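Colleague: Got a sequence here, can you build the structure:
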Amino acid sequence: MISGVVGDMLSKEKSCGSSLLKDSLTGVMSRSNSKKIERHDTIRVSGIGGWCPRMFALARFHDIELTDTVKPPLSWIFSIGSAYHYQMQNELLPKLGDIFQGWWLGLDGLFAGDKVKDKPGLERLWRSKPVCDYDLSYHEMEFMCDGITGHTDGVLVWPDKTEILELKTISSYGFDSVNPMLGGTPKIEHIWQASLYAYFAGLEHFRLVYIRKGDGKWPSDIAEHECVLDKDVVDKLLTLGRECIRVIRMDEVTETDIPVKMCDSKTCTRAKRCGVKKLCFA
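Modeller: Numbers count the residues shown, from 1 in each chain. Sure, this is the predicted structure:
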């Protein structure tokens, strides 16, 4: 009798429309997450794959506002990635004790590294966890160097070395390509990104960790790459970043100020992200 009543209830509920919550959430996401991300007078290390002085110059010359629209499907993907990051940084990694570090908040304020005297533009190096009579809370490290900004996921302090930690979430489709057990390698823009973080922190090593967004089979869904800082690469990245900043901050851009193309074709990775691609290849 009871099972029959419950069955009737479920049948009626299903007939009333089983996608009510899904439809409601889709509407909310469409309103709140289709937003524009403005580019100001700084550039972020996380966008290093799209750094291009020509793009900024063309946008300034033609008075084009460079914006990115985050559509609901992509926003949902970003949200999942943010959830993984939050879980790692706030739940799992702190359980490693003093292995996982960053900056620290305490009764005396923020414990961050000192400013660098012999490297103009570089604000702070990483410093190890201070010894205090009270508990300290983890604070995410943030950097600024000549208008180039960014924040990293933390520092790992091992007995033999100290390294920047950079976490990345990746789809099941792309996981094999970065899995060293299958011959995979890190994505080049992620190497660039973590390289700058290591440089900003004054460290020589960094660890890229990819987490597959899938069925959560720990630890098979984790791929790690130990990397050593290449100072020549860092110098080239800083030169590129500073040139982008120079163009962005110019009072006026003339046609002669527009640099040459960096992309060989419209299909290259950087061009796909470009907000002035048609003008660039015209």
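
Colleague: Pull the residues that contact stretch 140-150.
Modeller: Here stretch 140-150 makes contact (C-beta atoms under 8 Å, 6 or more residues apart in numbering) with 41-46, 89, 102-103, 112, 121-124, 126, 151-155, 193, 196-197, 200-201, 238, 241-242, 245, 248-249. For every residue, glycine as well, the C-beta is placed using N, CA and C.

Colleague: Tell me which of these fall in helices.
Modeller: Of the contacts of stretch 140-150, the ones assigned to helices by DSSP state H are 193, 196, 197, 200, 201, 238, 241, 242, 245, 248.

Colleague: which one of the residues you listed has the most neighbours?
Modeller: residue 200 (29 neighbours; other C-beta atoms under 10 Å).

Colleague: Quick check: closest non-adjacent residue to that one.
Modeller: residue 143 (4.0 Å; C-beta to C-beta, 6 or more residues apart in numbering).

Colleague: sec struct for that neighbour, please.
Modeller: Here residue 143 is strand, with the state taken from DSSP: H, G, I helix; E, B strand; the rest coil.

Colleague: Tell me what it is bridged to.
Modeller: Beta-bridge partners for residue 143, by DSSP bridges, are residue 150.

Colleague: tally of neighbours for it?
Modeller: Neighbours of residue 143 (other C-beta under 10 Å): 21.

Colleague: Same question for residue 170.
Modeller: Residue 170 has 21 neighbours, counted by other C-beta under 10 Å.

Colleague: Which helix or which strand is home to it?
Modeller: According to DSSP states H and E, residue 170 maps onto strand 162-171.

Colleague: Sheet-wise, list the partners of that strand with their directions.
Modeller: According to DSSP bridges, strand 162-171 forms sheet pairs with strand 154-157 (antiparallel), strand 205-213 (parallel).

Colleague: Residue 166 is nearest to which of those strands?
Modeller: With C-beta to C-beta, the closest approach to residue 166 among those belongs to strand 205-213: 5.4 Å.

Colleague: Export the host helix or strand of residue 176 to PDB, keeping only CA atoms.
Modeller: If you go by DSSP H and E, residue 176 is part of helix 172-178. Provided in PDB are the C-alpha atoms of helix 172-178 (Å, rounded to 0.1, in the frame of the first residue of the first chain):
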ATOM      1  CA  SER A 172      39.500  13.500 -18.600                       C
ATOM      2  CA  TYR A 173      40.100  14.100 -22.300                       C
ATOM      3  CA  GLY A 174      43.200  16.100 -21.700                       C
ATOM      4  CA  PHE A 175      44.600  14.300 -18.700                       C
ATOM      5  CA  ASP A 176      46.600  11.700 -20.700                       C
ATOM      6  CA  SER A 177      48.500  14.400 -22.500                       C
ATOM      7  CA  VAL A 178      49.900  15.700 -19.200                       C
END
